[in-house]
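>>> Whatever this is, show me its structure:
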Amino acid sequence: MDRQHQSHHTSSSPFSSRFLFSVTRLKPGRKYTHMGKLATELGWGYGDVVKQFEDKRRERSAAWYEKRKAEKAAFAKAKA
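Next up is the predicted model:
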């Protein structure tokens, strides 16, 4: 995946691409659901496992972002 779209797909904000896509593509008043929620309600037993993996991914992502921010600040300081 190219750099331009990489951060776009990993956003976890309430205004992430999935949320915005559903807002722009669904007709007003249409019902929708999230597949994980639906699968868990119908008996899929791995929702908690996926949540654990997602929490670990978010932790690693936050650590990477802090490291990247420090690297960018150091580069900007050295460049100036």
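>>> tell me the domain boundaries of this structure?
1-30, 33-80 (automatic domain parsing).
>>> Could I get the ones you listed in TSV, plus columns for mean neighbour count and mean pLDDT?
Using the backbone N, CA and C atoms, a C-beta is placed for each residue, glycine as well. Shown next, in TSV, are the domains of the chain (neighbours: other C-beta atoms under 10 Å; pLDDT from 0 to 100):
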stretch	mean neighbour count	mean pLDDT
domain 1-30	9	63
domain 33-80	10	90
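>>> quick one: contacts of the strand or helix carrying Ala39?
Following DSSP states H and E, one finds Ala39 within helix 35-41. Contact partners of helix 35-41, identified using C-beta atoms under 8 Å, 6 or more residues apart in numbering, comprise 47, 50.
>>> What helices and strands are in contact with whichever helix or strand comes after that helix?
Going down the chain from helix 35-41, the next helix or strand is helix 47-79, by DSSP H and E. Applying 3 or more C-beta pairs under 8 Å, 6 or more residues apart in numbering; DSSP states H and E, one finds that helix 47-79 contacts helix 35-41.
>>> how far does the helix holding Ala39 sit from the chain's center?
18 Å (C-alpha atoms, centre = their mean, to the nearest Å).
>>> and if you look at stretch 37-44?
Counting by C-alpha atoms, centre = their mean, stretch 37-44 comes out at 21 Å from the chain centroid.
>>> Same check on stretch 69-80?
On C-alpha atoms, centre = their mean, the centre of stretch 69-80 falls 26 Å from the chain's centre.
>>> now swap in stretch 27-36 and tell me
That offset, for stretch 27-36, works out to 19 Å (C-alpha atoms, centre = their mean).
>>> going forward can the numbers begin at 842, since that is how I track them
All right, first residue 842 from here; so that's stretch 868-877.
>>> From start to finish, how long is it in a straight line?
Separation of the first and last residues of stretch 868-877 by C-alpha to C-alpha, to the nearest Å is 22 Å.
>>> Same check on stretch 882-892?
15 Å.
>>> give me phi/psi at Tyr873?
Dihedral angles of Tyr873 (phi, psi; degrees, to the nearest 10) stand at phi -150, psi 160.
>>> give me the number of residues near it?
Applying other C-beta atoms under 10 Å, we find 7 residues neighbouring Tyr873.
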